[in-house]
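Visitor: The sequence isn't on hand, but the structure is:
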């Protein structure tokens with residue numbers, strides 16, 4: 001053993017030739033090939049430009065710039081302005097831009113646009129966001145549909161095919177998603193765009209703390225003369241954080257509306273962003289955005305709890321805790337005035353969350369005379385939220401109705417089906433409270449349908465919005481089913497009944513031939529977009 005040890009020690013001191021690591025050699029060869037290709041592309045007479053994502057990355061920032069792209073630092077975009085079919089004139093674009101900034105963004109303030117900016121400035125700095133705004137905020141349905149199709153084509157070509165990644169693209173995609181019902185409806189594409197937004201967040205690195213040091217591969221590429229890697233950004237800006245928070249809210253709402261793949265997941269870094277914006281921002285819209293995100297987090301937790309079960313029993317103490325948490329979100333402390341007093345969208349989201357927290361009361365297994373008396377306070381709370389949500393919705397001027405975010409129509413459908421489910425349980429206490437509050441289903445549906453008809457007729461051009469036609473169809477069908485069920489006295493599982501498809505179609509579909517109705521009755525979580533054709 002001693003001799004072997006001595007020999008090994010002696011050999012270790014002698015110089016020896018170390019065989020190269022095959023993996024390292026292959027990596028070096030690939031990097032050399034890549035550099036040769038890049039130099040070839042940059043040479044005159046060869047390929048004129050790099051891919052869009054590398055063009056964007058090639059922008060040289062000052063060494064002192066440690067921030068990521070924002071709406072205020074003139075960040076270049078990989079998507080350059082161009083002319084579009086049916087694009088508005090300068091005057092129309094300015095009016096549309098101000099409508100979006102002053103009336104639509106406060107409903108979901110995922111982006112902050114400085115007051116000194118006009119439509120021309122926005123178009124120069126963020127051309128795709130500008131196009132998305134023009135497509136959703138135009139008064140003309142014809143212009144919206146035309147520009148919306150062009151937005152869709154750009155998403156497919158630039159983001160999916162060419163791999164373009166920029167904050168401009170992300171904000172444009174979020175705008176498209178938030179008001180998708182104002183554009184040519186495509187349920188499949190909407191679900192896909194929601195996942196594209198999640199991919200953009202991840203590819204831009206906005207969902208994580210920026211790395212303090214570049215990766216070893218990045219250092220090696222720079223050493224090889226690659227010269228196209230972006231500067232390491234050690235700090236996120238408010239715009240980055242707003243985009244991340246807004247993506248969480250909007251993709252979650254889209255997931256629930258289309259019953260598609262989950263949106264952006266909650267994370268500790270997202271929570272850190274919320275706390276940072278809360279501590280450092282003085283913009284009232286940012287506090288609205290933070291509260292919306294917290295409400296959406298509660299909604300997501302409730303949906304996750306209810307998923308896959310029709311008989312979830314939530315303890316009373318848990319409902320009380322949720323109510324306290326919801327109430328605290330709409331009350332600011334430290335002597336700050338309540339900024340939500342004039343924000344109807346925030347109040348509607350609050351009452352919608354309150355209804356979701358008490359959805360378990362609609363299970364037929366939880367209904368009995370004893371429980372009826374015990375749950376009276378919860379019944380009262382639910383009916384108050386129903387009435388409050390409806391009052392807030394019916395107070396919206398007709399000319400503002402079309403510019404509500406798409407999630408508001410899912411909320412409307414949820415509220416009406418909630419009333420239907422209450423009526424189907426046939427609990428005397430429920431029905432008396434609904435009657436006292438003026439929240440009985442048929443009058444509510446009549447008002448909803450009437451407002452949709454008036455809004456459709458008030459369009460500035462002859463082309464009506466698909467969203468209004470779909471709403472008229474959907475709520476008329478729900479009204480027909482409600483009358484049929486309570487007239488026949490047929491009860492189904494959990495207080496609901498299923499009608500034969502042909503009967504259902506004959507009652508509700510005669511005047512709405514452009515749409516196909518579901519073969520069965522509306523389940524509780526069904527959304528208002530369920531009849532959108534798969535284009």
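Guide: Arrived safely. Source: prediction; values computed, not measured. Residues are numbered from 1 along each chain as shown.

Visitor: got any ranges where the chain has weak pLDDT?
Guide: Within the chain, the segments meeting pLDDT under 70 span 1-81, 212-234, 307-316, 331-340, 363-374, 460-464, 487-535.

Visitor: mind giving me the domain ranges of it?
Guide: According to automatic domain parsing, the chain comprises the domains 53-223, 269-508.

Visitor: Can you tell me which of those domains is packed in deepest?
Guide: Most buried of the domains of the chain, by mean neighbour count (mean count of other CB atoms under 10 Å): domain 53-223, with a mean of 18. C-beta: built from backbone N, CA, C; applies to glycine.

Visitor: coming back round to it: make JSON lines out of the domains of the chain and add distance to residue 257.
Guide: Below are the domains of the chain laid out as JSON lines (distance: least, CB to CB, whole Å):
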{"stretch": "domain 53-223", "distance to residue 257": "8"}
{"stretch": "domain 269-508", "distance to residue 257": "5"}
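
Visitor: Which one of the ones you listed lies nearest to residue 261?
Guide: Each of those has some distance to residue 261 by CB to CB; the shortest is domain 53-223, at 5.9 Å.

Visitor: picking up where we left off before, right, so of the domains of the chain, which gets closest to residue 252?
Guide: Of these, nearest to residue 252 by CB to CB is domain 269-508, at 5.3 Å.

Visitor: out of the domains of the chain, nearest to residue 254?
Guide: With distances scored as CB to CB, the stretch of the domains of the chain nearest to residue 254 is domain 53-223 (4.2 Å).

Visitor: Just say helix, strand or coil for residue 205.
Guide: Classification of residue 205 by DSSP: H, G, I helix; E, B strand; the rest coil places it in coil.

Visitor: Indicate which one of the domains of the chain is closest to residue 259.
Guide: Nearest of these (CB to CB): domain 53-223, 8.8 Å.

Visitor: Of all the domains of the chain, which one comes closest to residue 263?
Guide: Taking CB to CB, domain 53-223 is the member of the domains of the chain nearest to residue 263, at 6.0 Å.

Visitor: So which residues of the stretch 101-250 of the chain form helices?
Guide: For the stretch 101-250 of the chain, the helices defined by DSSP state H, counting those that start in this stretch cover 119-125, 127-137, 141-154, 167-178, 187-203, 216-223, 238-258.

Visitor: whoops, I mixed them up, the stretch 351-500 of the chain
Guide: 369-374, 376-394, 398-401, 406-425, 428-437, 441-457, 466-488.

Visitor: From the contact counts, what lies against the third one?
Guide: For helix 398-401, the elements it packs on are helix 441-457, judged by 3 or more CB pairs under 8 Å, 6 or more residues apart in numbering; DSSP states H and E.

Visitor: can you list the residues that contact the helix it packs on?
Guide: Residues from elsewhere that reach helix 441-457 (CB atoms under 8 Å, 6 or more residues apart in numbering): 390, 394, 398, 401-402, 412, 416, 419-420, 423, 464-465, 468-469, 471-472, 475-476, 478-479, 482-483.

Visitor: go again using 7 Å as the cut-off
Guide: 390, 394, 398, 401-402, 412, 416, 419-420, 423, 464-465, 468-469, 471-472, 475-476, 478-479, 482 (CB atoms under 7 Å, 6 or more residues apart in numbering).

Visitor: Could you tell me the angle between that helix and helix 466-488?
Guide: Computed by axes from the mean of the first three to the mean of the last three CA atoms, to 10 degrees, the angle separating helix 441-457 from helix 466-488 equals 160 degrees.

Visitor: hmm, back to that, out of the helices of the stretch 101-250 of the chain, the one nearest residue 85 is which?
Guide: Residue 85 lies closest, by CB to CB, to one member of these: helix 141-154, at 5.8 Å.

Visitor: Touching, residue 122 and residue 96? I think so.
Guide: No. Using CB atoms under 7 Å, residue 122 makes no contact with residue 96, being 10.9 Å away.

Visitor: Pull up the overlap in contacts between these two.
Guide: Residues touching both residue 122 and residue 96 (CB under 7 Å, 6+ apart): there are none.

Visitor: Adding distance to residue 92, write the helices of the stretch 351-500 of the chain out as a markdown table.
Guide: Formatted as a markdown table, the helices of the stretch 351-500 of the chain follow (distance: least, CB to CB, whole Å):
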| stretch | distance to residue 92 |
| --- | --- |
| helix 369-374 | 57 |
| helix 376-394 | 29 |
| helix 398-401 | 17 |
| helix 406-425 | 24 |
| helix 428-437 | 43 |
| helix 441-457 | 21 |
| helix 466-488 | 22 |
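
Visitor: for these, which one sits closest to residue 199?
Guide: helix 406-425 (20.5 Å).

Visitor: and the closest one, what other elements does it pack with?
Guide: Counting contacts by 3 or more CB pairs under 7 Å, 6 or more residues apart in numbering; DSSP states H and E, helix 406-425 packs against helix 238-258, helix 344-357, helix 376-394, helix 428-437, helix 441-457, helix 466-488.

Visitor: can you list the helices of the stretch 101-250 of the chain in CSV and add distance to residue 160?
Guide: Shown next, in CSV, are the helices of the stretch 101-250 of the chain (distance: least, CB to CB, whole Å):
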stretch, distance to residue 160
helix 119-125, 23
helix 127-137, 14
helix 141-154, 10
helix 167-178, 11
helix 187-203, 7
helix 216-223, 26
helix 238-258, 17
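
Visitor: wait, which of the helices of the stretch 351-500 of the chain is closest to residue 268?
Guide: Among the helices of the stretch 351-500 of the chain, helix 406-425 comes nearest to residue 268, with 25.5 Å by CB to CB.

Visitor: Since that was my last question, I'll sign off now.
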